[in-house]
Structures are given as C-alpha cells and as structure tokens.
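**Student:** Starting from these lines, generate the structure:
(one chain, ligands or ions: 2)
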Amino acid sequence: MLGALSARDAGALAFSAVGSYAWVKIFDLLAVNGVLEQKLSRKLVHITTGPLFILTWPLFSDAAYARYIALIVPTANFLRLLLVGTGVLQDEGLVKSISRESDRTELLRGPIYYIAMLMAVTALCWRDSVAGYMVVAVTCAGDGFADVIGRRWGRHCWAGNHPKTQEGSAAMFVAGAGTAIGLMSAFRWLGYVDFAPGPTFLGAVFIAFIATVVEALPINKLVDDNLSVPLIAGLLANWLLAG
Ligand SMILES: Nc1ccn([C@@H]2O[C@H](COP(=O)(O)OP(=O)(O)OP(=O)(O)O)[C@@H](O)[C@H]2O)c(=O)n1
Ligand SMILES: C/C(=C\CO)CCC[C@H](C)CCC[C@H](C)CCCC(C)C
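**Tutor:** Ligands and ions are numbered 1, 2, ... in the order given. This next block holds a predicted model:
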C-alpha cells in the first residue's frame, strides 16, 4: 500500500519537476528566438506557472506527507533562482525568460518572491483551503494580466502612480476573480474542498477587488507586487472565506 502511494507521489513529483523545467524552457526559447518579446515571455511565465503547479496537486496521493513531496519542486526552483541570481550558476536562458532587462539580480526579487508564495501556499493551504487558490489566482493571473493588458491597451493612468492604468486594473480584477472561482470550483468538484458557492464566490470577488486596489497603489517601489498582493489576499481569504 505504502509502496503504491509512494509510486504515485514519485510520478507526480517527476511530472511536476520535468513540467516546470520544460515550461520555463519553452518561454526561454520563444524569447531567445524573438517569437515573444522578453517582457511578455516573463509575464506569460508569471501568469501560467502558479495555476499549472496547482493543477498538478490532484496527481499526488492523500498521504499526509504528499504536500511536502509537492513542495520539492518550488523549493528546487527557489534554490535555482538563488544560485543564478547571485551568479554562482550561469543560466542566460533562465535570466532572459524571467527578467525584464537580462539582469540576473532581478531573479532575487519578483521571481523569488513568487516562488516563496507558491511554497507558502503549498505548505500552509495545500488542497484543503480555498485561501490558497485565492492567493495564486490574484498573484499569478490577476497581477500578470494587469501588465499584459495594461501595457498594450492601457490609456487611462491612475493619478499618482503614472505607469499603472485603469484598463490594467480592470484586467487584474476580472482575471483574479475568474481564476479564483475557476480553481475553487475545480477543486470542489474533485472533492478536496467543500464550501457554499454563493458567499465564497462573493468573498472571492471582494478579495480580488481589494488586491486590485493594492496593486494599483504607488507602493511598488517600497514593496514588490509579488509580496503585497499575496499577503493582502491571504490575510483576507483566511478571515473571510470558509473552507
Ligand atoms: N494596474 C496595472 C498594472 C500594470 N500596468 C502596465 O504594466 C506595466 C508594468 O507594471 P508593473 O506592475 O510595474 O510591472 P513590473 O514592475 O514590470 O513587474 P512586476 O511588478 O510583476 O515585478 C506598467 O508600466 C503598465 O504599462 C497597467 O497598465 N496597469
Ligand atoms: C517570472 C516569474 C515571476 C515574476 O513575477 C515566475 C517565475 C517562475 C519560476 C522560474 C518557475 C516556477 C515553477 C513552479 C514552482 C512549478 C511549475 C510546475 C508546472 C507543472 C509548470
């Protein structure tokens, strides 16, 4: 029995590890070959890796230790960014796919906070709490779409925080709330969480709104969006959302 569970968790771990490497590599190749602009490649990695990582969770067994096996992949990625960001390891492709200006030290800010968020959600929430889905939805899809949409179609800047736009914030709100409701519904359908959809989805919409307001505040020179957005969403979800 234990052997069968271990085989399942080992398979899930292998899938997640190979998947994370291959996914970032695909965007690296697309950026290096000029198919995708570097900034867009970085944001597409930002939007997709967190939700895709969460979608690998059902592959793991019901064992109490399963979350810690799942935690190995973000932890390994955290160490990889730490080694490349500090210059101990060279990986031009990685730097190009997830930094703005090919500056390796940038990996030590937004991207490493992003992975720390995934590690915290895996360890603290795992499949059993809707708070984790909320945090991943607003940080990955919400914050990512604010940039992708705002940079291209943003016309109306917020007063006091010039580069951020109302169009970007609207995209963040819709993508954050929509992804949260989608992930919560999927994991409820799979039987990992149980909640009353009406109040929980209303709470998710409210939290996506507050996270959108926080993202638009002129504070990202003081605190990175990959810290402020998950922190506010996590605190509110823990307080407001049951399950
Ligand atoms: N609410 C928002 C957020 C972002 N943007 C657009 O996306 C760009 C980058 O936004 P920012 O949050 O500053 O992203 P970065 O600092 O590049 O990346 P990150 O915060 O994810 O580390 C802005 O200049 C703007 O064009 C926007 O229009 N509206
Ligand atoms: C560019 C990023 C943030 C900037 O705001 C995100 C960086 C992502 C990491 C390099 C890779 C993270 C991998 C995940 C821990 C696992 C994904 C698994 C899945 C199967 C694709």
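**Student:** What residue in this structure comes nearest to ligand 2?
**Tutor:** Of the chain, the residue with the smallest distance to ligand 2, taken as Cβ to the nearest ligand atom, is G19 at 3.1 Å. C-beta coordinates here come from the backbone N, C-alpha and C atoms, glycine included.
**Student:** and the helix or strand hosting that residue, which residues are buried?
**Tutor:** When elements are defined using DSSP states H and E, G19 is found to belong to helix 2-32. Within helix 2-32, the residues scored as buried using 16 or more other Cβ atoms under 10 Å are 8-9, 12-13, 16, 19-20, 23-24, 27-28, 30-31.
**Student:** Repeat that for stretch 116-127.
**Tutor:** Counting neighbours by 16+ other Cβ under 10 Å, one finds that the buried residues in stretch 116-127 are 116-122, 125-127.
**Student:** Show me the helices in the protein, by range?
**Tutor:** Assignment of helices within the chain using DSSP state H yields the ranges 2-32, 38-55, 66-70, 72-85, 92-98, 110-124, 130-136, 143-153, 166-189, 197-216, 225-240.
**Student:** winner for burial among those helices?
**Tutor:** Using mean count of other Cβ atoms under 10 Å, the stretch among those with the largest mean neighbour count is helix 130-136, at a mean of 28.
**Student:** Which strands and helices lie in contact with that one?
**Tutor:** Contacting helix 130-136 under the criterion 3 or more Cβ pairs under 8 Å, 6 or more residues apart in numbering; DSSP states H and E are the following elements: helix 38-55, helix 110-124, helix 166-189, helix 197-216, helix 225-240.
**Student:** tell me the mean pLDDT for that helix?
**Tutor:** For helix 130-136, the mean pLDDT works out to 98.
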